[in-house]
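Student: Got a predicted structure here, sequence first:
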Amino acid sequence: MRMRTSRCAALALMAALFATSASGATHTGGSLRPIRNTTTQAGYTIDTVGDTLGQARPENTRLIIRVFAPDKKIMKPAQIALVDKSGAAIKPVFREDRKVGYEENTGLPISVSPQASTSGYSGTGVGINLNKIFGPHGSYSYTKVDWPKAVFTADKQLQIAVPNGQTFLLPLTSLAK
């Protein structure tokens, strides 16, 4: 009888966890959490990722953005904002444009990969991707922006304007869950 009670309790717990995770996945009214995403529009590549080191203030959501021009050179965005359904732009509460060599949030430039030797032992090798260090050919590397969690919701779009006047709109649901 005791085994049957513990099985029922385990099933009830699993059902409760599933219901909680399923309802939490919809995000109809709550704030979103950024995920890694790469989008291409009009020849430009926009790479976004969340704050992997947890450096944003607890009340904020951080997004790290890199924009590559059609010629593959990295561009510093002229303006970054969230746009709501009425078209109103919400500026970030924090913005920092980082220089090459400060890639701690993006996981660059060090890479870890498995290595095989002649003895058959497979260890881990650490290498430096020189293309990621010297690739941008300039002082700019990426932009960190923070918004209050309360405004980083599914009904917003990320607006990125580059210096030549080109503007991109990305639904937050495409780069955050």
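Tutor: On my side now, so go ahead.
Student: What count of nearby residues applies to Val162?
Tutor: By the criterion of other Cβ atoms under 10 Å, Val162 has 17 neighbours. (Glycine included, C-beta is placed from N, CA and C.)
Student: Kindly report the same for Lys144.
Tutor: 20.
Student: excluding its backbone neighbours, what's nearest it?
Tutor: Closest residue to Lys144 apart from its sequence neighbours, by Cβ to Cβ, 6 or more residues apart in numbering: Glu96 at 4.8 Å.
Student: which ones are touching that neighbour?
Tutor: Contacts here follow Cβ atoms under 8 Å, 6 or more residues apart in numbering; on that basis Glu96 touches Thr143, Lys144, Val145.
Student: For Val162, state which of these is nearest.
Tutor: Thr143 (11.5 Å; Cβ to Cβ).
Student: Flag every buried residue along stretch 80-95.
Tutor: Residues of stretch 80-95 classed as buried: Ile80, Ala81, Leu82, Pro92 (neighbour count, 16 or more other Cβ atoms under 10 Å).
Student: Those in strands, which ones?
Tutor: Ile80, Ala81, Leu82 (DSSP state E).
Student: Identify, from the residues you listed, the entry nearest to Lys73.
Tutor: Nearest to Lys73, judged by Cβ to Cβ, of those is Ile80 at 18.6 Å.
Student: Quickly name whichever of the ones in strands among the buried residues of stretch 80-95 is closest to Gln159.
Tutor: Closest approach between those and Gln159, by Cβ to Cβ: Ala81, at 4.8 Å.
Student: For the closest one, give its distance to Ile46.
Tutor: Per Cβ to Cβ, to the nearest Å, Ala81 is found 14 Å from Ile46.
Student: sorry, back to before: I'd like the buried residues of stretch 80-95 laid out as JSON lines, including pLDDT and distance to Pro58.
Tutor: Shown next, in JSON lines, are these (pLDDT from 0 to 100; distance: Cβ to Cβ, whole Å):
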{"residue": "Ile80", "pLDDT": "98", "distance to Pro58": "21"}
{"residue": "Ala81", "pLDDT": "98", "distance to Pro58": "22"}
{"residue": "Leu82", "pLDDT": "97", "distance to Pro58": "19"}
{"residue": "Pro92", "pLDDT": "97", "distance to Pro58": "16"}
